[in-house]
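[1] Could you work out the structure for the sequence below:
(chains A and B)
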Amino acid sequence: MASERKTKLSKNLLRMKFMQRGLDSETKKQLEEEEKKMISDEHWYLDLPEFKEKESFIIEQQSFSLCEDLLYGRMSFRGFNPEVEKLMLQMHAHNKAVAEEEETVEVDVSDEEMARRYETLVGTIGKKVCQEEGPSQLRRR
Amino acid sequence: MPEAATTPAMAEVLSVGKESVAGCRARVAHNVLNQVVLPGEELVLPEHEDVDGLGGAGEQPLRLNSGARPRLRVVCGPGLRRCGDRLLVTKCGRLRHKEPGGGGGGVYWVDSQQKRYVPVKGDHVIGIVIAKSGDIFKVDVGGSEPASLSYLAFEGATKRNRPNVQVGDLIYGQCVVANKDMEPEMVCIDSCGRANGMGVIGQDGLLFKVTLGLIRKLLAPDCEIVQELGKLYPLEIVFGMNGRIWVKAKTIQQTLILANVLEACEHMTTDQRKQIFARLAES
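    Residues are numbered from 1 along each chain as shown, chains lettered A, B, ... in the order given. Sure, this is the predicted structure:
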């Protein structure tokens, strides 16, 4: 009885992984394509022409304080409000610091003296390190 | 039309109008610096000029990439808008440019004059508290809507420790949200949580309104007006970018003098101003 009527397996069952191991590659590809078609038909998409996103190099900003380098809005003169005067110095020092970043920093010690001191320093620290390791190292030096 | 009646500025504007209507051509931005521009004009940025072939038979620099030349970032400021690769002018005024300190491009903007303030993100403004509702204060900054200020946006404020702000107080704060689709929002602390001079402005003093252009002129780095005022008497002054100035001096008379001088200095020449300061210093 079973041989007369071939059991018809459902499509979903046939799509399962274990049923597809026996298939050859062509039928596999066909099945995959059919599935993709089904999925893509269901997905919604915008029917617009393709826009190429151009990298814009113009930045828009609406604040005047960036354009014109305006000062800080709170000011006090001749000691009327000491806190505000401190704040003024802070704000302007901050601006000046940003502007003077490129200038060279003044050195307290000249380069030559620095080199001389460093030379002697290297010697003394070197000896100290060798002494810690042991007298044998010192003899080798 | 009598020619003698037109002032030099008007003549300039008329010539600009004729040129742009007749030509209908975009002008190159760096040719138009410090000249009057009208809304609707398009400005071409300098990099494009060579690409169009106006450079002519000169040497073309070798390009390593086959595509467009690497472009510098240009900032378009107030009064300008981006329109494709060009700048579109939206306010009438003079076109200004600032060279970049570091990085690329520069800043272009239109120097225009107006009295009505439109809230802009990052601006320091003086506001008047008009209502207190739950957790926020409604602050009038002169725009179309009152800005909202949360009570937690003050230095050292917690849920238990509320700031002492009453209706009618003056607040110096910074706008953090300001666009045409949302209600503007203000705060009185910076990103690190410090007040930096913002918060409630103290007792007494006088608040008055001026044009926005005057505020920018007074806050310019090389402005002498405020420095000269400071030499006259001890005073405290707060400038809000929304056109409001608050001054305080030792006596009421001095405060009123300061207010009058600041309002009038917009239309005075340098000499007139110096005369007035000299007279005040004497008295």
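[2] did I read that right, B:Gln275 in a strand?
    No: B:Gln275: not assigned to a strand; according to DSSP: H, G, I helix; E, B strand; the rest coil it is helix.
[3] And for it, the neighbour number?
    For B:Gln275, the count of nearby residues is 12 (other Cβ atoms under 10 Å in any protein chain shown). Just so you know, the C-beta spots here come from the backbone N, C-alpha and C atoms, and that holds for glycine as well.
[4] Quick check, pLDDT for it.
    Model confidence at B:Gln275, given as pLDDT, is 91.
[5] what residues are up against it?
    B:Gln275 is in contact with no residue at all, counting by Cβ atoms under 8 Å, 6 or more residues apart in numbering or on different chains.
[6] Just want the residue of chain A that's nearest chain B.
    A:Phe77 (3.1 Å; Cβ to the nearest Cβ).
[7] Give me the neighbour count for that residue.
    By the criterion of other Cβ under 10 Å, A:Phe77 has 21 neighbours.
[8] Leaving aside the residues adjacent along the chain, what's closest to it?
    Of all residues not flanking A:Phe77 in the chain, B:Gly230 sits nearest, at 3.1 Å (Cβ to Cβ, 6 or more residues apart in numbering or on different chains).
[9] Would you agree the one you found is in contact with A:Met75?
    Yes: between B:Gly230 and A:Met75 there is a contact under Cβ atoms under 8 Å: 7.5 Å.
[10] Neighbour count for these two, which is higher?
    In this comparison of B:Gly230 against A:Met75, neighbours counted by other Cβ under 10 Å, the higher total goes to A:Met75 at 25 against 16.
[11] give the contact list for that one.
    A:84, A:88, B:226, B:230, B:236-239.
[12] What residues does chain A have near chain B?
    When proximity is defined by Cβ under 8 Å from any Cβ of the partner chain, chain A lies next to chain B at A:56-81, A:84, A:87, A:99.
[13] Which residue ranges of chain A form strands?
    Assigned by DSSP state E, the strands in chain A fall at A:58-60, A:74-77.
[14] mind listing what the residue of chain A closest to chain B touches?
    Here A:Phe77 is in contact with B:229-231, B:234-237 (Cβ under 8 Å, 6+ apart).
[15] Which strand residues bridge B:Lys132?
    Counting by DSSP bridges, B:Lys132 is bridged to B:Phe137.
[16] Counting neighbours, what do you get for B:Ala278?
    So B:Ala278, with other Cβ under 10 Å, has 10 neighbours.
[17] Could you tell me the phi and psi values at it?
    phi -60, psi -40 (degrees, to the nearest 10).
[18] how much space between it and B:Val226?
    Per Cβ to Cβ, to the nearest Å, B:Ala278 is found 17 Å from B:Val226.
[19] pull the helix or strand with minimum mean pLDDT from chain A.
    Sorting the helices and strands of chain A by mean pLDDT, DSSP states H and E puts helix A:135-140 at the bottom, at a mean of 53.
[20] The residues of chain A next to chain B, buried ones only, as a PyMOL selection?
    To isolate the buried members of those in PyMOL, using 16 or more other Cβ atoms under 10 Å in any protein chain shown:
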select buried, chain A and resi 57+58+61+62+63+64+65+66+67+68+70+71+72+73+74+75+76+77+80+81+84+87
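[21] Sketch out the low-pLDDT regions of the stretch 101-250 of chain B for me.
    Within the stretch 101-250 of chain B, the segments meeting pLDDT under 70 span B:102-105.
[22] about what we covered before: nearest to B:Asp204, of the contacts of A:Phe77?
    B:Glu236 (10.0 Å; Cβ to Cβ).
[23] Where do the strands of the stretch 101-250 of chain B begin and end?
    Secondary structure of the stretch 101-250 of chain B by DSSP state E, counting those that start in this stretch: the strands cover B:107-111, B:124-133, B:136-140, B:147-150, B:170-177, B:185-187, B:199-200, B:206-209, B:235-239, B:244-249.
[24] Let me have those strands in TSV, adding mean neighbour count and distance to A:Gly126 as columns.
    Formatted as TSV, the strands of the stretch 101-250 of chain B follow (neighbours: other Cβ atoms under 10 Å in any protein chain shown; distance: least, Cβ to Cβ, whole Å):
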stretch	mean neighbour count	distance to A:Gly126
strand B:107-111	23	56
strand B:124-133	18	58
strand B:136-140	20	67
strand B:147-150	21	62
strand B:170-177	20	57
strand B:185-187	22	57
strand B:199-200	18	58
strand B:206-209	14	71
strand B:235-239	24	61
strand B:244-249	22	66
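[25] In TSV: those strands, plus distance to B:Pro46.
    Formatted as TSV, the strands of the stretch 101-250 of chain B follow (distance: least, Cβ to Cβ, whole Å):
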stretch	distance to B:Pro46
strand B:107-111	11
strand B:124-133	33
strand B:136-140	42
strand B:147-150	39
strand B:170-177	33
strand B:185-187	38
strand B:199-200	44
strand B:206-209	39
strand B:235-239	34
strand B:244-249	38
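[26] Could you point out which of those strands sits nearest B:Leu262?
    strand B:244-249 (6.1 Å).
[27] Please spell out which residues along the helix or strand just after the closest one are buried.
    Going down the chain from strand B:244-249, the next helix or strand is helix B:252-264, by DSSP states H and E. Residues B:254-255, B:257-259, B:261-262 are the ones in helix B:252-264 that count as buried (16+ other Cβ under 10 Å).
[28] Now do the contacts for the nearest residue to B:Asn164 once chain neighbours are set aside.
    Spatial nearest neighbour of B:Asn164, chain neighbours left out: B:Val200 (7.4 Å); criterion: Cβ to Cβ, 6+ apart. B:Val200 is in contact with B:163-165, B:169-171, counting by Cβ under 8 Å, 6+ apart.
[29] Could you double-check that B:Met241 lies in contact with B:Ile215?
    Yes: between B:Met241 and B:Ile215 there is a contact at 6.1 Å, judged by Cβ under 8 Å.
[30] Mind checking which of the two has more residues around it?
    B:Met241 (26 against 22).
[31] Enumerate every residue touching the more buried one.
    Going by Cβ under 8 Å, 6+ apart, B:Met241 touches A:64-65, A:73, B:117, B:120, B:123-125, B:212, B:215.
[32] at 7 Å what do you get?
    B:123-125, B:215 (Cβ atoms under 7 Å, 6 or more residues apart in numbering or on different chains).
[33] near chain A, from those?
    Counting by Cβ under 7 Å from any Cβ of the partner chain, B:123-124 from the contacts of B:Met241 sit close to chain A.
[34] Tell me, what's the model's pLDDT at B:Glu49?
    pLDDT, B:Glu49: 40.
[35] Kindly export the top helix by length along chain A (C-alpha atoms) in CSV.
    With secondary structure taken from DSSP state H, chain A has its longest helix at helix A:111-133. In CSV, the C-alpha atoms belonging to helix A:111-133 read as follows (Å, rounded to 0.1, in the frame of the first residue of the first chain):
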residue,chain,number,x,y,z
ASP,A,111,70.9,73.3,26.8
GLU,A,112,74.6,73.1,27.4
GLU,A,113,74.2,73.0,31.2
MET,A,114,71.5,70.4,30.8
ALA,A,115,73.9,68.2,28.7
ARG,A,116,76.7,68.6,31.3
ARG,A,117,74.4,67.7,34.2
TYR,A,118,72.9,64.8,32.4
GLU,A,119,76.4,63.4,31.7
THR,A,120,77.4,63.4,35.4
LEU,A,121,74.0,62.0,36.4
VAL,A,122,74.2,59.1,34.0
GLY,A,123,77.6,58.2,35.6
THR,A,124,76.4,58.3,39.2
ILE,A,125,73.2,56.4,38.6
GLY,A,126,75.0,53.8,36.5
LYS,A,127,77.4,53.2,39.4
LYS,A,128,74.6,52.9,41.9
VAL,A,129,72.9,50.3,39.8
CYS,A,130,76.1,48.3,39.4
GLN,A,131,76.7,48.4,43.2
GLU,A,132,73.3,47.0,43.9
GLU,A,133,73.9,44.0,41.6
